[in-house]
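Participant: sequence-free structure coming up:
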């Protein structure tokens, strides 16, 4: 858990661009405090005047005092309106800035982070956590500024009335803070645990809803309800702990409230019997103590909001402190006019959380420009890893990987990935229209270019048959389209991108025969004139490859053309016989 001062120091720069609004907000907060501070003085003045000589307490005097207070209330209303309006807007703008920074930072993080972090947890931090930060950003400075002002002014005025009584009252304040601190720490911890559990519930709901087809096909509704019930029950348990700490916190403050009032009654009463304090002074004193206690109570009540905000800030900076595994060098080279020569030289790779089990071990592989290479073999041989290393989704842990003689680690990520197209088995379509999903391949393309890409991908005809053509809404993750249709849209997206290097990651393995035939035709057109790396389990789709590389857990077992590998009667021939028998 980070310390509060350290978190506040890191959070402070978000106020800088709104410094003008911030200062004006605090000024208005000071004006609202002015009315409360002056009221006891006005009452004391009227009471003192009446006690000295009731004839001096004329209607004109009362009206003048009333006019002063009315003016103060008008100022108070105007200042409070500004605080509620522009002050809250400032908090919302800070929340917007933080959410933008968080989302932009998430875009820089590597696959490793998302493989180990639940999306529901991220969603909780980017939404509900930052809402609490908004309230914190607006109210925290106001509350502490007003409290400090009221306490300081009240202390000064009360000292002019009776110093011993004032010191007695104010000595209780640090004692109250000390006794409340233990409960405060417990509140902070339980708020954090509660936030984490909300993220878990979000993740569980997302997982269940996205997998609703699997849930229903396996009649798993009751299991999902039970899992959700367990998570929800844990949230309730944590909430109970939180409220227990909160109840103790508020009970402690109320004890000290009572002690302060008791001190005023007893000490003030005895002081009045000795003439050390006048009834008018005691009246003002009680009003100031009431104001003081109301201020302290407000700060104490605000502690709950303060801890929520600090928890949100802490969870925000936890993500902001995550460093991407893949970073560009300072003098990154821009990859231009790409031929497509790819060379793996003594490449080794192991995941950071399992360095003792390398996926690749000193792999040597050359893929000449414009040639097609197919990667086949049993699972665990490193086929997908090879394809992830080329666009630098992961970095090699040994050796080097070059494109046109440039080590990919020296290239700018944007220029590297701009020249690589990927068609995957699991197609991801964004929630939007068919047109928007194809346009994602090159956002500056014209409509004519989008249509041409769809025609090349064999998608144009079925798109025209949809209810709204290219403006048809595909649903979340493209649920309104078939697997073959989604795959052809993804191919159209790559056609529009027009990269010199193409990676096909089991692009047809999940399709039926007719869809596979149509998609294979599209892929054949897409592959023309490009360097193509294909991962395939269906060996019939890669017979025409210029080079077939057979990968096992021991590395490259053999490589060559289809007929050549069959003639060797090795691993590839065994895979081929197994496929035919199946």
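Facilitator: Done, it's in. Only a predicted model underlies this, so the values are computations on that prediction, with no experimental measurement involved. Numbers count the residues shown, from 1 in each chain.

Participant: now residue 493: closest residue in space that isn't a chain neighbour?
Facilitator: Distance criterion C-beta to C-beta, 6 or more residues apart in numbering; nearest residue to residue 493, sequence neighbours excluded, is residue 441 at 3.9 Å. Bear in mind the C-beta positions are built from the backbone N, C-alpha and C, glycine included.

Participant: touching, that neighbour and residue 490? I think so.
Facilitator: No: if you go by C-beta atoms under 8 Å, residue 441 and residue 490 don't touch, sitting 9.1 Å apart.

Participant: who has more neighbours out of those two?
Facilitator: Comparing residue 441 with residue 490 by other C-beta atoms under 10 Å, the one with more neighbours is residue 490, at 28 against 21.

Participant: got the contact list for the nearest residue to that one once chain neighbours are set aside?
Facilitator: Take residue 490 and drop its neighbours on the chain: the residue closest to it by C-beta to C-beta, 6+ apart is residue 427, 4.6 Å away. By C-beta atoms under 8 Å, 6 or more residues apart in numbering, the contact set of residue 427 is 478, 483, 486-487, 489-490.

Participant: give me the mean pLDDT for the helix or strand where residue 265 lies.
Facilitator: According to DSSP states H and E, residue 265 maps onto helix 221-273. Average pLDDT, helix 221-273: 82.

Participant: ok, then the element right after it?
Facilitator: helix 279-320.

Participant: roughly how far out does that following helix sit from the chain middle?
Facilitator: Averaged C-alpha coordinates place helix 279-320 at 29 Å from its chain's average position (C-alpha atoms, centre = their mean, to the nearest Å).

Participant: next SSE downstream of it?
Facilitator: That would be, after helix 279-320 and using DSSP H and E, strand 342-349.

Participant: describe which strands that next one pairs with in its sheet and in which direction.
Facilitator: In the sheet, strand 342-349 lines up against strand 360-367 (antiparallel), strand 398-403 (antiparallel) (DSSP bridges).

Participant: of all the ones you listed, which one is nearest residue 538?
Facilitator: Closest to residue 538 of the strands paired with strand 342-349, according to C-beta to C-beta: strand 360-367, at 21.0 Å.

Participant: report the separation between the residue nearest the centre of the chain and residue 204.
Facilitator: Centroid check for the chain by C-alpha atoms, centre = their mean gives residue 126 as the closest residue, at 3.3 Å. Distance, residue 126 to residue 204, by C-beta to C-beta, to the nearest Å: 18 Å.

Participant: hang on, the earlier thing: could I get the pLDDT score of the residue nearest to residue 493?
Facilitator: 88.

Participant: where's it, which helix or strand?
Facilitator: Using DSSP H and E, residue 441 falls outside every helix and strand.

Participant: what sits against it?
Facilitator: So residue 441 contacts 453, 492-497 (C-beta under 8 Å, 6+ apart).

Participant: got the contact list for residue 24?
Facilitator: Residues near residue 24 by C-beta under 8 Å, 6+ apart: 82, 86.

Participant: what angle sits between the helix or strand hosting it and helix 279-320?
Facilitator: According to DSSP H and E, residue 24 maps onto helix 19-52. With axes from the mean of the first three to the mean of the last three C-alpha atoms, to 10 degrees as the basis, helix 19-52 and helix 279-320 are set at 160 degrees to each other.

Participant: what packs against the helix or strand just after helix 19-52?
Facilitator: Where DSSP H and E defines the elements, the next helix or strand beyond helix 19-52 is helix 59-82. Applying 3 or more C-beta pairs under 8 Å, 6 or more residues apart in numbering; DSSP states H and E, we find helix 59-82 packed against helix 19-52.

Participant: so for the helix it packs on, mean pLDDT?
Facilitator: Averaged across helix 19-52, the pLDDT comes to 81.

Participant: just to revisit the earlier point, looks like the residue nearest to the centre of the chain contacts residue 101 (just checking).
Facilitator: No: with contact defined as C-beta under 8 Å, residue 126 does not reach residue 101; the gap is 10.5 Å.

Participant: ok, now which ones touch residue 405?
Facilitator: Applying C-beta under 8 Å, 6+ apart, the residues near residue 405 are residue 341.

Participant: quick check: pLDDT value at it.
Facilitator: pLDDT at residue 405 comes out at 90.

Participant: got a markdown table for the contacts of residue 427, with secondary structure, pLDDT and distance to residue 391 too?
Facilitator: Shown next, in a markdown table, are those (DSSP: H, G, I helix; E, B strand; the rest coil; pLDDT from 0 to 100; distance: C-beta to C-beta, whole Å):
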| residue | secondary structure | pLDDT | distance to residue 391 |
| --- | --- | --- | --- |
| 478 | helix | 71 | 22 |
| 483 | helix | 79 | 24 |
| 486 | helix | 86 | 21 |
| 487 | helix | 83 | 20 |
| 489 | helix | 87 | 21 |
| 490 | helix | 86 | 16 |
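
Participant: can you give me phi and psi for residue 375?
Facilitator: The phi/psi pair for residue 375 (degrees, to the nearest 10) reads phi -110, psi 120.

Participant: and it, how far from residue 557?
Facilitator: The value you get for residue 375 to residue 557, if C-beta to C-beta is used, is 12 Å.

Participant: for residue 230, same thing?
Facilitator: In this view, residue 230 and residue 557 are 47 Å apart by C-beta to C-beta.

Participant: equivalent analysis for residue 414, please.
Facilitator: Separation of residue 414 from residue 557 (C-beta to C-beta) stands at 36 Å.

Participant: these two: which is more packed in?
Facilitator: Ranked by neighbour count (other C-beta under 10 Å), residue 414 and residue 557 place residue 557 first, with 18 against 12.

Participant: list the contacts for that one?
Facilitator: Residue 557 is in contact with 377, 550-551, 570-571, counting by C-beta under 8 Å, 6+ apart.
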